[in-house]
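Chemist: fold the following for me, if possible:
(one chain, ligands or ions: 2)
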Amino acid sequence: MSPNSPLDSPPDVGVLIAAGGRGERAGTGEPKQFRPIAGMPMLLRAIRPFTQHPRVRRIVVALPPEFAARPPAWLAGLRGERLTLVAGGATRTASVRAALAALDAGCRVVLVHDAARPFVSLEEIDGVITAAAGGVGALAALPVADTLKQASDAGRVVRTVPRDDLWRALTPQGFPRAMLEEAYRAAGDGTTATDDAGLVEALGRSVVLVPGSVANFKVTTADDFVVAEALARL
Ligand code: CTP
Ligand code: MG
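Modeler: Ligands and ions are numbered 1, 2, ... in the order given. Have a look, this model is predicted:
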């Protein structure tokens, strides 16, 4: 490879933010990603570490369709050369698919991040970018710390599940663009995976873990907002 080959320079990164959900488990009325945490909307907290990152060329945010048509002012004001808003779909998979379709061709590494993870660290972002730029899928992950029980519907323990090799999958998850596009093509429209690495794994491609951070948890329930408020005020 010649020293001037484009592959010698770090690839531009595109970021897809999955913000198309309704936040039903949080029970907050409006979608949880718009709810403020210590005064700042959760979605804005989730986007900011990427807008400030020197390698990130483009951010595409998938929103519930009515919010893509009429975004809140703080979000509309961010639109521009680096940030695009698109209408998401009925599932997370459909929302990420819509965002991926809107990403300009120059981004050869693609990161996907949940709007419901407002405390992503720069270390996690850099770790995922570095691994994905090397040609594999990558995700931030944490080792499972609790003992795991498998139980029946009636709440009776069936067995204890060995946790030695189990990890919690977080986002960001990052991929060479062609790998993620192939995974979404293969998945078809009906697929409803809860993460993107799962679709890439289904192709038999290598996916590696990058150390995640405890603060990068997914805000899912009303209680999680209490934890998020406390974290934001630390
Ligand atoms: N998401 C999305 N499009 C959907 C559904 C979910 O982009 N149709 C996004 C959410 O906005 C969130 C992320 O995927 O940032 C993770 O999903 P989850 O935590 O389940 O959020 P919601 O689907 O909004 O919440 P719930 O399942 O409680 O309704
Ligand atoms: Mg959901």
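
Chemist: check which helix or strand residue 170 maps to.
Modeler: strand 167-176 (DSSP states H and E).

Chemist: partners of that strand, with directions?
Modeler: Using DSSP bridges, strand 167-176 pairs in its sheet with strand 109-114 (antiparallel), strand 137-143 (antiparallel).

Chemist: residue 97 - nearest residue in space that isn't next to it in sequence?
Modeler: Nearest residue to residue 97, sequence neighbours excluded (C-beta to C-beta, 6 or more residues apart in numbering): residue 184, at 5.4 Å. Glycine gets a C-beta too; all of them are placed from N, C-alpha and C.

Chemist: middle-most residue in this structure, spatially?
Modeler: Nearest residue to the geometric centre of the chain (C-alpha atoms, centre = their mean): residue 113, 1.7 Å.

Chemist: list the buried residues of stretch 227-234.
Modeler: Within stretch 227-234, the residues that count as buried by 16 or more other C-beta atoms under 10 Å are 228, 231, 232.

Chemist: give me the residues contacting that stretch.
Modeler: 37, 38, 40, 42, 45, 118, 119, 215, 217, 219 (C-beta atoms under 8 Å, 6 or more residues apart in numbering).

Chemist: list the contacts of the nearest residue to residue 65 once chain neighbours are set aside.
Modeler: Excluding the flanking residues, the one nearest residue 65 by C-beta to C-beta, 6+ apart is residue 87, at 4.0 Å. Residues counted as contacts of residue 87 (C-beta under 8 Å, 6+ apart) are 20, 62, 63, 64, 65, 68, 69, 98.

Chemist: thinking again about what came up before, how about the secondary structure of the residue nearest to residue 97?
Modeler: helix (DSSP: H, G, I helix; E, B strand; the rest coil).

Chemist: check contacts around it.
Modeler: 93, 96, 97, 100, 199 are the contacts of residue 184 under C-beta under 8 Å, 6+ apart.

Chemist: next, give phi and psi for the last one.
Modeler: The phi/psi pair for residue 199 (degrees, to the nearest 10) reads phi -70, psi -40.

Chemist: what's the neighbour count on residue 66?
Modeler: Residues lying near residue 66 (other C-beta atoms under 10 Å) number 10.

Chemist: kindly report the same for residue 201.
Modeler: Residues within reach of residue 201, counting by other C-beta under 10 Å, total 15.

Chemist: where does this structure have low pLDDT?
Modeler: Across the chain, the ranges flagged by pLDDT under 70 are 1-8.
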